[in-house]
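Peer 1: everything below, folded, please.
(one chain, ligands or ions: 1)
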Amino acid sequence: MTTRPRVYVTRRLPEAALAIVRQACELRLWDEEAIAVPRATLLREIADADGLLSLLTDRIDAGLLDAAPRLRAVATVAVGYDNVDVPALSARRVLLTNTPGVLTETTADLAWALMMAGARRLVEGQRLISAGQWTSWSPMFMVGQDVHGATLGIVGAGRIGSAVARRAQGFAMRIAYHNRRPAPELEAATGARHQPLDQLLAESDFIVVLVPLSAETRGMFGTREFALMKPDATFVNVSRGPVVDEAALYAALRAGRPGYAALDVFEREPIGADHPLLTLPNVIAVPHIGSATVATRTRMATVAATNLVAALTGQPVPHPVNPEAW
Ligand code: DGY
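Peer 2: Next up, the predicted model:
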């Protein structure tokens, strides 16, 4: 009799994803929706696991691998995997998988929601009404910035950056992008121009950050970069918080350059109500919800479950991150 692979799941996921795992594996689950599994519990539960189905809130590092002698595969329910020490996994021939593609359009939608909300001061307007401060329609009351016809600068022109650019065509925007490599397909499809970062920052009305977090991108946006931006520019971050020096952003926004920041991600998440950026009127903050629609989060979970089961049952793995090390 063959024994079924054992899988530990670090959060309550949609039933469709759990069913995929249960069909082929023995499943144990941290059965909480809003509370991350405590590290000690994870280290205990992983001791006899062959596979781990995890989230971006779980730190997957050498310490975890030390506690998991049987581990063969880790599936993360995310496209980003900066929470994972990939070389440590590869050194032990543990496969990592992620969920690229399924969240592209949903995350691009949120980037646009943040751009529009910043440009037209939607959150400020709501706050003002709630505070009983709307006294009259006035000529220059709550004026913001036009999105149509403006210049959009995309930093990191991968799948999501390209999806953000495609949407900009409907708003007749000039599109610039900065990327490690030029993206000729994006240029052909949208007329986007590849620019050096400093030029993009200086010329864009909207700057949307979509780079993955890495040693090169950590702290990529600091005092120098904010000082290059236009005073009425809107800075949008939907990638990872640590690409931005938050103290520098706070000082820059107070000084009025850029004019606005709309942020989905933060240096340390979750942020509390006492976060300094929340004291500024020209900041919109949302709680890391780039991919947070019912359909997309469900698809991410099922894709991650499919990746993991494939890895543990010797099938071709749809989205391996480190296939060469396996
Ligand atoms: C990811 O997938 O990396 C996002 O940050 C969560 O959707």
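Peer 1: tell me the contacts of the closest residue to D264 other than its chain neighbours?
Peer 2: In space, and not counting its chain neighbours, D264 is closest to V238: 4.6 Å by CB to CB, 6 or more residues apart in numbering. In this view, the C-beta of every residue, glycine as well, is placed from N, C-alpha and C. The contact partners of V238, taken as CB atoms under 8 Å, 6 or more residues apart in numbering, are T107, L110, A111, L114, I160, V208, V209, L210, D264, V265, G290.
Peer 1: run the last query once more with 10 Å
Peer 2: Listed by CB atoms under 10 Å, 6 or more residues apart in numbering, the contact partners of V238 are 107-108, 110-115, 156, 160-161, 164, 208-210, 262-265, 286, 288-291.
Peer 1: state the pLDDT value of it.
Peer 2: What the model reports as pLDDT for V238 is 98.
Peer 1: roughly how far does it sit from the ligand?
Peer 2: In this view, V238 and the ligand are 8 Å apart by CB to the nearest ligand atom, to the nearest Å.
Peer 1: okay, and the beta partners of A75?
Peer 2: Beta-bridge pairing for A75 (DSSP bridges): L53, T97.
Peer 1: ok, it - how many residues close by?
Peer 2: 33 (other CB atoms under 10 Å).
Peer 1: any idea how far it is from the ligand?
Peer 2: Distance of A75 to the ligand, given as CB to the nearest ligand atom: 12 Å.
Peer 1: doesn't V9 make contact with that residue?
Peer 2: Yes. Using CB atoms under 10 Å, A75 is in contact with V9, at 9.5 Å.
Peer 1: now do the strands in the chain.
Peer 2: Per DSSP state E, the chain carries strands over the ranges 6-9, 26-29, 51-54, 73-76, 95-97, 151-155, 174-178, 193-194, 206-209, 234-237, 260-263, 283-285.
Peer 1: TSV for those strands, including distance to L308?
Peer 2: Output for those, formatted as TSV (distance: least, CB to CB, whole Å):
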stretch	distance to L308
strand 6-9	7
strand 26-29	10
strand 51-54	5
strand 73-76	4
strand 95-97	7
strand 151-155	32
strand 174-178	34
strand 193-194	37
strand 206-209	30
strand 234-237	30
strand 260-263	31
strand 283-285	33
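Peer 1: quickly list what's touching both of A75 and V9.
Peer 2: Common neighbours of A75 and V9 (CB under 10 Å, 6+ apart) are A17, V21, G51, L52, L53, S54, A301, A304, A305, L308.
Peer 1: show me what contacts the nearest residue to L278 once chain neighbours are set aside?
Peer 2: Leaving aside its chain neighbours, L278 sits nearest to A285 (6.1 Å; criterion: CB to CB, 6+ apart). The contact partners of A285, by CB under 10 Å, 6+ apart, come to L114, V123, A261, A262, L263, D264, V265, F266, I271, H275, L277, L278.
Peer 1: how about the residues of this protein by the ligand?
Peer 2: Contact residues, the chain versus the ligand (CB under 6 Å from any ligand atom): L56, A78, V79, G80, L103, G290, S291.
Peer 1: give me the number of residues near the residue nearest to the second one when sequence neighbours are not counted?
Peer 2: Take A78 and drop its neighbours on the chain: the residue closest to it by CB to CB, 6+ apart is L56, 4.5 Å away. Residues contacting L56 under the criterion other CB under 10 Å number 20.
Peer 1: which residues are in contact with L56?
Peer 2: Here L56 is in contact with 36, 76-84, 98, 240, 269, 288 (CB under 10 Å, 6+ apart).
Peer 1: which one of those residues is nearest to D61?
Peer 2: Nearest to D61 among the contacts of L56: V84, at 7.7 Å, using CB to CB.
Peer 1: many thanks, have a good one.
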